[in-house]
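Q: Generate coordinates for the sequence data below:
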Amino acid sequence: MNPVRRGATLVRIGGIAVRADASWLVAVALVTWSLWDRFDHDPRFGGSAAFPMALAAAALLFLSVVAHEVAHALEARSRGVPVGGITLFLFGGVTDMRAEARRPIDEFALTAVGPFTSLAVGCLFGLVATTADHLGLSGLAEVFGVVGWLNVGLAVFNLLPGAPLDGGRIVRAIAWKVTGDRHRAARIAAGAGQVLGSLLFALGLFEVFFVPALFTNGLWLAFLGWFLTSAAKTEMTMEELRQTLAARPLRRFTARGFDPIPADATVDDAIERWFRLYDRGAFFVADEPSGPLVGVLTLDDVRRVPPEARGRVLVRDVMRPIDELPWLDADTPSSAVLDQLEGDGVTVVFDDGEPIGLLTVDDVLARLRRDEELGRSPAGPVTTGAGR
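A: Down below sits the predicted model:
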């Protein structure tokens with residue numbers, strides 16, 4: 001699954017940040033409680049051993065999820081697809097891929113490696129469990145055995161044929177190869193995801209209302225089905241947007257026209273003279289009014305400065321250096337911005353080696369909405385915005 005998410009960074013593996021969304025804490029609590037309940041009801045482990053076993057099994061399970069996502073990330077990088085990081089959340093993990101695969105075989109490989117890794121981990125844990133059982137280490141055997149089967153289940157579930165699951169990505173890769181049309185393939189996979197999510201939602205509701213013994217399981221299925229359906233609809237919308245933007249260069253959406261903020265201005269000055277005056281979320285920063293651009297100040301950068309300190313903190317101390325920001329050429333298809341930006345992200349648009357403006361996903365969407373209201377397509381660059 002590949003929605004873009006944000007969270008606190010836990011660790012870096014091979015230069016890839018592994019982050020945790022707030023909902024991941026809920027997953028940790030639910031998984032640990034469920035495993036504790038399972039072990040506690042086993043007459044072999046009930047009592048004081050149950051909780052440590054549950055903690056160990058939960059840790060192994062989440063490490064397995066990280067292994068699944070790291071496999072996606074490493075395979076993607078090896079095939080030229082930039083990776084923004086990995087995020088753990090309520091339903092598992094997602095790998096933030098900042099661009100689309102260039103060929104169907106790349107899409108297939110970087111997707112299939114995730115379930116394959118889960119299956120391999122499941123088999124490895126099964127081998128450890130069997131060995132521990134022969135050695136009389138029943139608690140260790142149970143922990144690795146349970147997590148081994150959970151990994152196999154994770155692999156099978158992820159192979160269900162509907163986006164945004166890995167199985168849906170595989171369907172997309174195959175459809176892309178057969179039809180030769182990436183956009184059509186993406187719509188097929190997203191449509192399959194909506195059908196799959198609807199079926200899981202319906203099955204969950206059936207269990208909730210007609211199978212009392214499976215009430216809790218039914219709630220989870222219904223919630224999961226709703227999530228998959230919503231995610232698949234989002235993928236369909238994003239794919240339609242990509243297709244709309246594919247033939248329109250970034251220069252048609254790039255905001256420009258305002259003077260940059262002086263690097264030696266205080267954050268209070270930036271708020272009063274730029275952010276309050278103009279409806280923009282980011283501005284260039286320059287050392288001098290006519291000097292080179294050195295950075296970008298966003299609304300989120302401003303928010304991170306405590307109100308009582310904004311009168312003495314300088315813009316240069318909180319800005320984002322321009323050479324550390326993502327950038328795109330002005331003639332790049334505008335659909336590229338959807339893969340490069342996330343959250344409060346901003347990209348610098350260059351023309352002939354010179355930065356000409358800033359762009360966010362919201363800028364693109366707002367321009368499209370305005371053009372739709374006016375009943376015409378964009379014919380040129382925006383004439384106001386955060387540029388020079």
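Q: count of neighbours near the closest residue to Ile188 other than its chain neighbours?
A: Closest residue to Ile188 apart from its sequence neighbours, by C-beta to C-beta, 6 or more residues apart in numbering: Ala175 at 4.8 Å. In this view, the C-beta of every residue, glycine as well, is placed from N, C-alpha and C. By other C-beta atoms under 10 Å, 20 other residues sit near Ala175.
Q: what helix or strand is Ala175 on?
A: Here Ala175 sits within helix 166-179, counting by DSSP states H and E.
Q: where does the stretch 151-300 of the chain dip in pLDDT?
A: 247, 255-257 (pLDDT under 70).
Q: quick one: the helices in it?
A: Ranges of helices in the stretch 151-300 of the chain, per DSSP state H, counting those that start in this stretch, are 166-179, 182-210, 215-245, 267-270, 299-303.
Q: Look up how far Gly85 lies from Gly7.
A: 9 Å (C-beta to C-beta, to the nearest Å).
Q: Which one's more surrounded, the two?
A: Neighbour count, other C-beta under 10 Å: between Gly7 and Gly85, Gly85 has more, with 22 against 18.
Q: hang on, isn't the more buried one packed against Asp21?
A: No - the criterion here is C-beta atoms under 8 Å, and Gly85 misses it with Asp21 at 11.5 Å.
Q: What is the burial count for Leu61?
A: Neighbourhood size, Leu61 [other C-beta under 10 Å]: 23.
Q: quick one, the helix or strand containing it and helix 166-179 angle?
A: Assigned by DSSP H and E, Leu61 falls within helix 50-78. Here the directions of helix 50-78 and helix 166-179 differ by 20 degrees (axes from the mean of the first three to the mean of the last three C-alpha atoms, to 10 degrees).
Q: what helices or strands is helix 50-78 leaning on?
A: If you count contacts as 3 or more C-beta pairs under 8 Å, 6 or more residues apart in numbering; DSSP states H and E, helix 50-78 packs onto strand 16-20, helix 23-40, strand 83-89, strand 92-97, helix 104-134, helix 138-158.
Q: For Pro326, find the nearest of the ones you listed.
A: strand 83-89 (9.7 Å; C-beta to C-beta).
Q: ok, that closest one: who's next to it in the sheet?
A: Using DSSP bridges, the strands paired with strand 83-89 are strand 16-20 (parallel), strand 92-97 (antiparallel).
Q: these two touch, right, Thr111 and Ile170?
A: Yes - with contact defined as C-beta under 8 Å, Thr111 reaches Ile170; the gap is 5.5 Å.
Q: For Gly114, give me its contacts.
A: Contact analysis of Gly114 by C-beta atoms under 8 Å, 6 or more residues apart in numbering lists 68-69, 71-72, 158, 166.
Q: what residues does stretch 216-231 touch?
A: In contact with stretch 216-231 (C-beta under 8 Å, 6+ apart) are residues 1, 3, 91, 162-165, 193-194, 196-209, 211.
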